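In: Turn this into a structure:
(2 chains)
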Amino acid sequence: MGVLDNQFLQLQQLQDESNPDFVAEVVSLFFADSERLLNDLTRALDQPTIDFKMVDSHVHQLKGSSSSIGAERIKNACVAFRNFCEEQNIEGCMSCLQQVKQEYCLVKNKLETLFRMEQQIVAAGGSIPMMELSF
Amino acid sequence: MTTTNGVASLRLISDEIDGFDLSPSDTEEVHVLAVDDSFVDRKVIERLLTISSCKVTAVDSGRRALQFLGLDEEQSVNGFDGLKVDLIITDYCMPGMTGYELLKKIKDSSALREIPVVIMSSENILARIDRCLEDGAEDFIVKPVKLSDVKRIKDYLTRDVNLGNEGRGINKRKARESCDLSSSPPSVITSSSSPSSPSSPFRSPSILSSSAPCSPPSTLDSPTSRLKMTISD
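Out: Here you go, the predicted structure:
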């Protein structure tokens, strides 16, 4: 399963000369949002009594934003996470939190590399071709 | 004939008022109020709408949306009609006031009920979709929102504006049995995401009450679909 799905391409299509940093801006918002949510989740699962509704609410938000930028693996990890919340399964939730964090790190890495490479290309006088949406 | 001069001079004046753009077409931008508690989604929807030539106001809650619309807690509208809203697009799941609750408040308001409301949700739940549509939503978009979704809504809206008020309400399927409104029968398309929804067959008849040649539900891949408002091809 890809790290970034079709939705990411959709976002790239929305970027143009008048809005050259659109994708970077959305991704930055995503990073900030996700890190906040992951912190909240860590804290929530660390409580003596776990409020599963609140945990579920955070995961729902994370699922939403990762879906909006095309971070498919995070989104899928969130789906599993929500199932464990519903079951009030603490171990399942903990394990999912770890997984979500891993997937987040992976996506963050890939995106940061992507942006760095794009910057290098542009700085060297090249241009980034727009990808065709062929699927 | 005797009034030609009067008419001609009126037209000249109105051209001047319209100012720089003398094209006869309607250049008034569609103004959309977008409501979503997620930063990321707000940014994306804002861009999708802007790139579709809409003017956008994005707010983060139902309460702020109502404030913007001039509908305060006492359910009265102050004389705040400087910023006419042509469409409201709102997320369903929001803390405080859900998109559905916002929809109800808007449809309950005599001043605002004519404004079309579109609901967005990351969850492809048939009962939810039904409820929103039956309670007055014009359309329901399953997230993540794509450019094609926005384009479709905008096309519907612009066409609707051109038709005037008779065009409005064309998608109020429960109210309209007759299909003398020949354009834009609702047709059903599959959702792009494959939902893990139950295997129940798709539709309650109320949505497909128009006699338009919609594709029968059995041809759909997924039991749950968004409704598509398009001009029939």
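In: pLDDT below threshold where in the chain?
Out: All of this is about chain A. Where chain A drops to pLDDT under 70, the residues are A:130-135.
In: Correction: the question concerned chain B.
Out: For chain B, the stretches flagged by pLDDT under 70 are B:1-27, B:72-83, B:160-233.
In: Can stretch A:47-61 be said to contact chain B?
Out: Yes - using Cβ under 8 Å from any Cβ of the partner chain, stretch A:47-61 comes into contact with chain B via A:Ser57, A:His60, A:Gln61. (C-beta placed from N, C-alpha, C; glycine too.)
In: Distance from that stretch to the middle of the chain?
Out: 19 Å (Cα atoms, centre = their mean, to the nearest Å).
In: for stretch A:26-34, same thing?
Out: When distances are taken as Cα atoms, centre = their mean, stretch A:26-34 is centred 8 Å away from the chain's centroid.
In: Give me the contact list for it.
Out: Stretch A:26-34 is contacted from outside by A:11, A:61-62, A:65-66, A:68-69, A:71, A:74, A:104, A:108, A:111, A:115, B:38-40, B:43-44, B:47, using Cβ atoms under 8 Å, 6 or more residues apart in numbering or on different chains.
In: Any quick PyMOL command for the buried ones out of these?
Out: A single PyMOL command selects the buried members of these (16 or more other Cβ atoms under 10 Å in any protein chain shown):
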select buried, (chain A and resi 11+61+62+65+66+68+69+71+74+104+108+111) or (chain B and resi 38+39+40+43+44+47)
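In: Let me have the residues of stretch A:47-61 next to chain B in TSV, extended by distance to A:Val79 and secondary structure.
Out: Output for these, formatted as TSV (distance: Cβ to Cβ, whole Å; DSSP: H, G, I helix; E, B strand; the rest coil):
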residue	distance to A:Val79	secondary structure
A:Ser57	15	helix
A:His60	10	helix
A:Gln61	14	helix
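In: residues of the longest helix seen in chain A that come out buried?
Out: If you go by DSSP state H, chain A has its longest helix at helix A:90-123. For helix A:90-123, a neighbour-count test (16+ other Cβ under 10 Å) marks A:92-93, A:96-97, A:99-101, A:103-104, A:107-108, A:111, A:114 as buried.
In: And the residue lying closest to B:Arg113 once chain neighbours are set aside, how far from B:Leu33?
Out: Of all residues not flanking B:Arg113 in the chain, B:Lys107 sits nearest, at 4.9 Å (Cβ to Cβ, 6 or more residues apart in numbering or on different chains). According to Cβ to Cβ, to the nearest Å, B:Lys107 and B:Leu33 sit 15 Å apart.
In: Which one's more surrounded, the two?
Out: Legend: neighbour count by other Cβ atoms under 10 Å in any protein chain shown for B:Lys107 and B:Leu33, higher for B:Leu33 (22 against 16).
In: Now that one. Its backbone dihedrals?
Out: phi -100, psi 120 (degrees, to the nearest 10).
In: residues in contact with it?
Out: B:Leu33 touches B:Val56, B:Thr57, B:Ala58, B:Val59, B:Ala65, B:Phe68, B:Leu69, B:Val85, B:Leu87, B:Ile88, B:Ile89, counting by Cβ under 8 Å, 6+ apart.
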